[in-house]
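Novice: Generate coordinates for the sequence data below:
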Amino acid sequence: MHRFEKRQSGGQPANTVSQNTVLAGAPRTVTDKLQRVLNAAARVITGTWKFDRGLGQVLHDELHWLDVPDQMFFKLALTVHRCLNGCAPFGQVHSGRRY
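Specialist: This is a model prediction of the structure:
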């Protein structure tokens, strides 16, 4: 992390939420590339080979990871929930203010 980046209370860089909202409507070509990276990381962690069967089950059941489109939807829904309930950082709560 760069020394000038701000951190949220959860330990993530402050610009992480805006990156998730950018990817919310991303085309499948983009999410497929990210899913391949996620799959490669899961294979490294679990010690499975590229063509072993059941990687999706390992992702969900053992590592408790969501697929990339599901992650983006979950993070966006969580951000909206936090903004509506006043639990989000100040800039996020007031950036979506209704008039």
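Novice: need the contact list for the nearest residue to L63 once chain neighbours are set aside.
Specialist: Residue nearest to L63 in three dimensions, not counting chain neighbours: A42, with 6.0 Å by C-beta to C-beta, 6 or more residues apart in numbering. (Glycine included, C-beta is placed from N, CA and C.) The neighbourhood of A42, defined by C-beta atoms under 8 Å, 6 or more residues apart in numbering, consists of T48, L55, V58, L59, L63, W65.
Novice: For L59, see how far away A42 is.
Specialist: Note on A42: its distance to L59, by C-beta to C-beta, to the nearest Å, is 5 Å.
Novice: shared neighbours, these two?
Specialist: In contact with both A42 and L59: W65, using C-beta under 8 Å, 6+ apart.
Novice: Buried ones in stretch 75-83, by neighbour count?
Specialist: Residues K75, L76, T79, C83 are the ones in stretch 75-83 that count as buried (16 or more other C-beta atoms under 10 Å).
Novice: got the buried residues for stretch 57-66?
Specialist: Going by neighbour count (16+ other C-beta under 10 Å), the buried part of stretch 57-66 is V58, L59, W65.
Novice: Out of these, flag the one nearest to V22.
Specialist: W65 (20.8 Å; C-beta to C-beta).
Novice: my guess is that closest one is in a helix, correct?
Specialist: No. Read with DSSP: H, G, I helix; E, B strand; the rest coil, W65 is coil and lies in no helix.
Novice: any idea which helix or strand comes after the helix of greatest length in the chain?
Specialist: Longest helix in the chain, counting residues (DSSP state H): helix 28-46. Counting by DSSP states H and E, the element after helix 28-46 in chain order, helix or strand, is helix 55-57.
Novice: Report the angle between the helix or strand just after that following helix and helix 28-46.
Specialist: For helix 55-57, the succeeding helix or strand toward the C-terminus, using DSSP H and E, is helix 68-84. Taking axes from the mean of the first three to the mean of the last three C-alpha atoms, to 10 degrees, helix 68-84 and helix 28-46 form an angle of 100 degrees between their directions.
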